[in-house]
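# got a predicted structure here, sequence first:
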Amino acid sequence: MTLANRPIILTGDRTTGPLHLGHYVGSLSARVQLQHEAQQFLLLADTQALTDNVGRHQRVTENVVEVALDYLAVGIDPAKSTIFIQSQVPELAELSQYLLNLVTVARLERNPTIKAEIRLRGFERDIPAGFLTYPVSQAADITAFKATHVPVGDDQLPMIEQTNELVRRFNLTTDRQVLVECEAVLSHAPRLPGIDGKAKMSKSLGNAITLGSAPDEITRAVHDMYTDPKHLRVSDPGQVEGNVVFTFLDAFEPDTSRVDELKAQYRQGGLGDSVVKRLLNERLQALLEPIRTRRREFEQDRAEVLAILRRGTMRAREAAGATLSEVKSALGLNYFDA
């Protein structure tokens, strides 16, 4: 398969903090494989992160390099994947402006993902306009590169649906097939909870294990993991469901038979939390040690990391610029073209 007829993948992360194990399970490991099978664009979504981080912009911009370091540490090859910074591709903002004319405020407010995020942040009716319209910005990110596949969690499916609505509306309005519909690629990995048992793993909530965590930080996090509060003695039967340690073992222990045996023993009694936590700690230490080592190596030359981002951003601008030129032509905005 040549580069030209490979699928085009667009994915990315908000630059609100270093990446953690939840990101690794959900998408990072898959992205390493995808770069061998597709044209992959990896977006560092600093513009999107600013939509709900007013006054915290310095943290957002500082984390651009931190997220890039995580990408490189897990094995993303900048020669095979285009890593770029969203805010440095102005073509995306211009395309967003054109797409905004094709959607109503009412439609944006009905987006289930947006509704959930508004409740989570307690915005009620005091919603930043940039936050309300970020599905359109995301649609621009996808369509600018004519992405055919977008890896997402199931909570992001409404965003893909809205992107495809905008694609159809634009093509119908201009009577040209300029923009391309995309397909959501769902992760088969479970969503990792926080170490405290809460549904969402987040560094801001203090319940995450980042990819660059030191060995003692990993050990401490595993020790603090939520298990079964009723499992007070080794002899007591324990509950596996909702037990964060077993959720992590399901995600990271390749010997599934061994995990099944531990679950059976835990359920009937006779297996202490310390035993399963020790196994998980060993597995996570083995997983993260080479990632941490590579991250330290890249961190020694931040100038080169910025050079990688600069080169990727230039490639992204070229691709987005070509699409934007087609969009403006379709809208009759090519006044000075010969």
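Structure received. Values in this document were obtained by computation on a predicted structure and should not be read as measured data.
# from Asp301, how far out is Asn84?
Just to correct that, residue 84 is Phe rather than Asn. Between Phe84 and Asp301 the distance, using C-beta to C-beta, to the nearest Å, works out to 19 Å. All C-beta atoms are positioned from the backbone trio N, CA, C, and that covers glycine.
# more crowded one of these two?
For Phe84 and Asp301, the more surrounded residue by other C-beta atoms under 10 Å is Phe84, and the numbers stand at 28 against 10.
# tell me which element the nearest residue to that one once chain neighbours are set aside falls in.
With C-beta to C-beta, 6 or more residues apart in numbering as the criterion, Phe84 has its nearest non-adjacent residue at 3.7 Å, and that residue is Ala316. Assessed by DSSP states H and E, Ala316 sits inside helix 302-330.
# so what does that helix touch, helix or strand wise?
Helix 302-330 makes packing contacts with strand 39-45, helix 57-74, strand 81-85, helix 90-100, helix 134-144, helix 157-174, helix 273-299 when contacts are defined by 3 or more C-beta pairs under 8 Å, 6 or more residues apart in numbering; DSSP states H and E.
# between the longest one and helix 57-74, how many degrees?
I take that to be helix 273-299. Between helix 273-299 and helix 57-74, the angle formed by their directions is 100 degrees, by axes from the mean of the first three to the mean of the last three C-alpha atoms, to 10 degrees.
# and helix 273-299, how far from the chain's centre?
Offset of helix 273-299 from its chain centre (C-alpha atoms, centre = their mean, to the nearest Å): 21 Å.
# do the same with the fourth one
Centroid separation for helix 90-100 versus its chain: 22 Å, with C-alpha atoms, centre = their mean.
# tell me the buried residues in that helix?
Neighbour counts over helix 90-100 (16 or more other C-beta atoms under 10 Å) mark 91-92, 94-96, 98-99 as buried.
# need those in a markdown table (columns: distance to Lys230).
Putting those into a markdown table (distance: C-beta to C-beta, whole Å) gives the following:
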| residue | distance to Lys230 |
| --- | --- |
| Glu91 | 56 |
| Leu92 | 51 |
| Glu94 | 57 |
| Leu95 | 54 |
| Ser96 | 51 |
| Tyr98 | 57 |
| Leu99 | 52 |
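# in a markdown table, list these along with distance to Gly212 and pLDDT.
Rendered in a markdown table, the data for the buried residues of helix 90-100 read as follows (distance: C-beta to C-beta, whole Å; pLDDT from 0 to 100):
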| residue | distance to Gly212 | pLDDT |
| --- | --- | --- |
| Glu91 | 32 | 98 |
| Leu92 | 29 | 97 |
| Glu94 | 36 | 97 |
| Leu95 | 34 | 98 |
| Ser96 | 33 | 97 |
| Tyr98 | 39 | 98 |
| Leu99 | 36 | 98 |
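# thinking again about what came up before, burial measure for the residue nearest to Phe84, as a count.
The criterion is other C-beta under 10 Å. On that basis, Ala316 has 25 neighbouring residues.
# how near is it to Pro229?
48 Å.
# and Ile118, by the same measure?
Applying C-beta to C-beta, one obtains 32 Å for the distance of Ile118 from Pro229.
# shaky segments in the chain?
By pLDDT under 70, the weakly predicted segments of the chain are 1-6, 26, 188-190, 204, 338.
# tell me the domain ranges of it?
Partitioning the chain according to automatic domain parsing yields domains covering residues 3-192+302-330, 212-296.
# out of those domains, nearest to Leu205?
Using C-beta to C-beta as the criterion, the shortest distance between Leu205 and those is 10.5 Å, found for domain 3-192+302-330.
# and that closest one, how far from the chain's centre?
Centroid separation for domain 3-192+302-330 versus its chain: 9 Å, with C-alpha atoms, centre = their mean.
# and what of stretch 326-333?
In terms of C-alpha atoms, centre = their mean, the centre of stretch 326-333 is found 32 Å from the chain centre.
# okay, it in CSV with CA atoms only?
Output of stretch 326-333 as CSV, limited to C-alpha atoms (Å, rounded to 0.1, in the frame of the first residue of the first chain):
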residue,chain,number,x,y,z
GLU,A,326,-10.7,24.3,-2.2
VAL,A,327,-13.1,25.5,0.4
LYS,A,328,-12.6,29.2,-0.5
SER,A,329,-13.0,28.4,-4.2
ALA,A,330,-16.2,26.5,-3.5
LEU,A,331,-17.5,29.6,-1.6
GLY,A,332,-16.4,32.0,-4.3
LEU,A,333,-13.8,33.6,-2.1
